[in-house]
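Novice: what's the 3D shape of this:
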Amino acid sequence: MKKTITLLLVLLLLAALTVSAAAAESMAARAAKQWGIAPGPSGGANLVAAFALAQRQELRGKTVATVLPDSMERYR
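Specialist: Numbering: from 1, shown residues only. Okay, the predicted model is just below:
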């Protein structure tokens, strides 16, 4: 029997947000401390933006997802 994997890719651009380097680094540190994941600054920026989007009235009660594109490994 042949196994297959089906992927559903959804591309939806809701907004382009600007996140400061300080906020991104702070969120990366928070993620490591509170949730045990170690994203780098770009992952921290993604989390800041995801939290900001989740606070928008039109997204209340909806699921907001993001991808953490890196890890702290290369910043050590």
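Novice: show me where pLDDT drops low in this protein?
Specialist: By pLDDT under 70, the weakly predicted segments of the chain are 1, 3-12, 14, 70-76.
Novice: ranges for the helices of it?
Specialist: Counting by DSSP state H, the chain has these helices, from start to end: 21-30, 41-54.
Novice: can you count the residues close to Ala29?
Specialist: 14 (other C-beta atoms under 10 Å). (C-beta placed from N, C-alpha, C; glycine too.)
Novice: cool, Ile37 as well?
Specialist: Ile37 has 13 neighbours, counted by other C-beta under 10 Å.
Novice: do the same with the one 3 residues further on
Specialist: With neighbours defined by other C-beta under 10 Å, the count for Gly40 comes to 18.
Novice: most packed of the helices of the chain?
Specialist: The densest packing among these, expressed as mean neighbour count by mean count of other C-beta atoms under 10 Å, is seen in helix 41-54 with a mean of 19.
Novice: contact partners of it?
Specialist: Taking C-beta atoms under 8 Å, 6 or more residues apart in numbering as the criterion, the residues outside helix 41-54 that touch it are 14-15, 17, 19, 21, 23-29, 31, 39, 59, 62, 64-71, 75.
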